[in-house]
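A.B. asks: Only the shape, not the letters, is given here:
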């Protein structure tokens, strides 16, 4: 999709989105035909305008890129015959790679739909107190989208008014540091003005913003002029810690008792969910969660022909991460003889039988319409986690570790041990970076996060991360033997390994290529970035 089309589409679909894409959870019925003159006149209009920011605009990001990039590129998974996963796993994507192009378009649709909402609400006659709450919701979404854009492409275009880009889409990109700063300012505004508690199930709160800030501050703490400096900015580490602490001390969120329950449809918008994409039961294409179709092992799970997950498998590398008693493995990956009571309920549950020693994806696989009436073909209706409390705990711990080799910070150890205890594991008494990297990888596996953890580390320890990725041995598909009772993976010496062609592993892998169509439409993307001119003051006294 060309740059002009991305921005133009976001502009012209702003009002139609209000009524056609909202989740049933966030839906508001229209009163009449929408026009600029009769919209943005009431708080219910604001609710309707922000509803699509929870699904439609994120669809192309969620459909394949979310996990293909976040987990595939991190070598948590591989799918040798899937053209929407292997380019990322093999580090061979180009500006023509379909999911990459779609993700760029989707993230900019989030940005421009948020901009439309911000502009529309700002011009409303309602009070600032009412308006700021919903402007904050849109700025949270825009700030989150820009965190993704900065993490993935580095230098990108900052936009606050799509009308200007419709007039002239040939504009300079802005430097990554400014993109991060823009994201932070949006999220700080959100943290100040979002409500303490959600007005509707699934809506954001100010603690959602503090949680996202803990992630973005943590990322930005490592950004500097020397990618091998080995140290992070203490000011932003402290801010990440404060933001996470705000969630933990004042927010109403709490861990679910059982890890596997996080991934059940009936537990959408649970106590641990801080920001999740909301998909519509029986919804049209574009407001549906397609992931089960790509992950499910076979039609005996889905009850229809949309089950293409046989070749989407856990990497040997990620299976080595699971400790023997870790309950998270079974909730994330299906191994032979694993039993799932929530799938094929009418026949007493589903027992996995691959007929081979490999593991396929469980997260996002929820069963058929017979198991839950909300499920339809290519729509699991399962919320997509964008932020949950477990990550905020880990953000706090990493910020507390900071530039030290280890930490005995009591709060950091306590919250990490809450995750480990829930997973059936023994507690830790101290924490190192290796401990936290391990916990993040298994706790958030197949939630589209681990590649961003590697990028964050590469901002200040780039060569270490290059060495780590090289040691993952992506060029070989390793035949395995797996014991589901003990989470033990070994090499099957009776079978030959299979080679894969891997791209060059060097500093260039930490930013993605711009979509080729964007470069054609906007040649200034090839030029050096131009500093962004910030026009509003930063939020003060946030903590």
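C.D. replies: Arrived safely. Computed from a prediction, not measured in an experiment: that's the story for all the values here.
A.B. asks: Would you agree residue 365 is in contact with residue 295?
C.D. replies: Yes: contact status for residue 365 versus residue 295: in contact at 5.2 Å, counting by CB atoms under 8 Å. C-beta: built from backbone N, CA, C; applies to glycine.
A.B. asks: okay, and the common contacts of the two?
C.D. replies: residue 309 (CB atoms under 8 Å, 6 or more residues apart in numbering).
A.B. asks: Strands of this protein, residue ranges please.
C.D. replies: 77-78, 273-277, 313-314, 333-334, 339-340, 350-351, 360-361, 384-388, 406-407, 431-432, 476-477, 480-483, 488-491, 498-499 (DSSP state E).
A.B. asks: I'd like those as CSV, with mean pLDDT and mean neighbour count appended.
C.D. replies: Formatted as CSV, the strands of the chain follow (pLDDT from 0 to 100; neighbours: other CB atoms under 10 Å):
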stretch, mean pLDDT, mean neighbour count
strand 77-78, 94, 26
strand 273-277, 98, 22
strand 313-314, 96, 25
strand 333-334, 98, 29
strand 339-340, 98, 16
strand 350-351, 97, 18
strand 360-361, 98, 24
strand 384-388, 98, 23
strand 406-407, 98, 16
strand 431-432, 98, 18
strand 476-477, 90, 16
strand 480-483, 95, 17
strand 488-491, 96, 15
strand 498-499, 90, 10
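A.B. asks: closest one to residue 530 among those?
C.D. replies: Residue 530 lies closest to strand 384-388 among the strands of the chain, at 30.0 Å (CB to CB).
A.B. asks: now stretch 343-356: how far from the chain's centre is it?
C.D. replies: The chain centre lies 29 Å from the centre of stretch 343-356; the measure is CA atoms, centre = their mean, to the nearest Å.
A.B. asks: which residues sit in contact with residue 160?
C.D. replies: Per CB under 8 Å, 6+ apart, neighbours of residue 160: 115, 118.
A.B. asks: which regions of the stretch 1-150 of the chain sit below the pLDDT cut-off?
C.D. replies: Along the stretch 1-150 of the chain, segments meeting pLDDT under 70 span 1-37.
A.B. asks: now residue 279, nearest residue through space, not along the chain?
C.D. replies: Distance criterion CB to CB, 6 or more residues apart in numbering; nearest residue to residue 279, sequence neighbours excluded, is residue 289 at 4.1 Å.
A.B. asks: Hmm, residue 324 is touching residue 483, no?
C.D. replies: No: using CB under 8 Å as the test, residue 324 is too far from residue 483 to be in contact (9.3 Å).
A.B. asks: picking up where we left off before, just put the strands of the chain in CSV and tack on distance to residue 55.
C.D. replies: Converted to CSV, these look like this (distance: least, CB to CB, whole Å):
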stretch, distance to residue 55
strand 77-78, 24
strand 273-277, 6
strand 313-314, 28
strand 333-334, 27
strand 339-340, 27
strand 350-351, 28
strand 360-361, 22
strand 384-388, 9
strand 406-407, 39
strand 431-432, 36
strand 476-477, 35
strand 480-483, 36
strand 488-491, 37
strand 498-499, 38
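A.B. asks: Just give the nearest non-adjacent residue to residue 92, would you?
C.D. replies: residue 503 is the one closest to residue 92 (CB to CB, 6+ apart), at 4.5 Å.
A.B. asks: ok, now residue 189?
C.D. replies: With CB to CB, 6+ apart, the residue lying closest to residue 189 is residue 139, at 5.0 Å.
A.B. asks: how far away is residue 118 from residue 142?
C.D. replies: Computed as CB to CB, to the nearest Å, the residue 118 to residue 142 distance reads 8 Å.
A.B. asks: In terms of packing, which of those two has more residues around it?
C.D. replies: residue 142 (29 against 23; other CB atoms under 10 Å).
A.B. asks: List the contacts of the closest residue to that one other than its chain neighbours.
C.D. replies: For residue 142, ignoring the flanking residues on the chain, the nearest one in space by CB to CB, 6+ apart is residue 114 at 3.8 Å. Neighbouring residues of residue 114 by CB under 8 Å, 6+ apart: 53, 138, 139, 141, 142, 145.
A.B. asks: Check whether the fourth one really touches residue 53, as I assumed.
C.D. replies: Which is residue 141. Yes: with contact defined as CB under 8 Å, residue 141 reaches residue 53; the gap is 4.6 Å.
A.B. asks: Now for the two: what residues contact both?
C.D. replies: Jointly contacting residue 141 and residue 53 under the rule CB under 8 Å, 6+ apart are 110, 113, 114.
A.B. asks: Let me know the closest of these to residue 402.
C.D. replies: Ranked by distance to residue 402 (CB to CB), the shared contacts of residue 141 and residue 53 are led by residue 110 at 31.4 Å.
A.B. asks: So what's the residue count around the nearest residue to the closest one once chain neighbours are set aside?
C.D. replies: Among residues not flanking residue 110 along the chain, residue 145 sits closest, at 4.0 Å (CB to CB, 6+ apart). Look at residue 145: counted by other CB under 10 Å, it has 25 neighbours.
A.B. asks: Contact partners for residue 145?
C.D. replies: Contacts of residue 145 (CB under 8 Å, 6+ apart): 107, 108, 110, 111, 114.
A.B. asks: Show the contacting residues for the third one.
C.D. replies: Think residue 110. Contact analysis of residue 110 by CB under 8 Å, 6+ apart lists 53, 57, 58, 61, 141, 142, 144, 145.
A.B. asks: The third one against residue 277, yeah?
C.D. replies: Yes: using CB under 8 Å, residue 58 makes contact with residue 277 at a distance of 5.3 Å.
A.B. asks: hey, what's in contact with both of these two?
C.D. replies: With CB under 8 Å, 6+ apart as the test, residue 58 and residue 277 both reach residue 384.
A.B. asks: Now do the closest residue to residue 527 other than its chain neighbours against residue 364, distance only.
C.D. replies: In this structure, residue 527 finds its nearest non-sequential neighbour in residue 172, 6.7 Å apart by CB to CB, 6+ apart. Separation of residue 172 from residue 364 (CB to CB) stands at 39 Å.
A.B. asks: quick one: which of those two has more around it?
C.D. replies: Taking other CB under 10 Å, residue 172 and residue 364 do not tie; residue 364 has more neighbours (23 against 16).
A.B. asks: And that one, its phi and psi?
C.D. replies: The phi/psi pair for residue 364 (degrees, to the nearest 10) reads phi 90, psi -10.
A.B. asks: Next up, the contacts around the residue most central in space within the chain.
C.D. replies: Central residue of the chain (CA atoms, centre = their mean): residue 386, 4.5 Å from the mean position. Neighbour list for residue 386: 144, 275, 276, 277 [criterion: CB under 8 Å, 6+ apart].
A.B. asks: Which of these lies at the shortest distance from residue 226?
C.D. replies: residue 144 (27.7 Å).
A.B. asks: what's the pLDDT at the spatially closest residue to residue 375 that is not a sequence neighbour?
C.D. replies: The shortest distance from residue 375 to any residue other than its chain neighbours is 5.1 Å, reached at residue 369 (CB to CB, 6+ apart). If you check residue 369, the pLDDT there is 97.
A.B. asks: No further questions, thank you.
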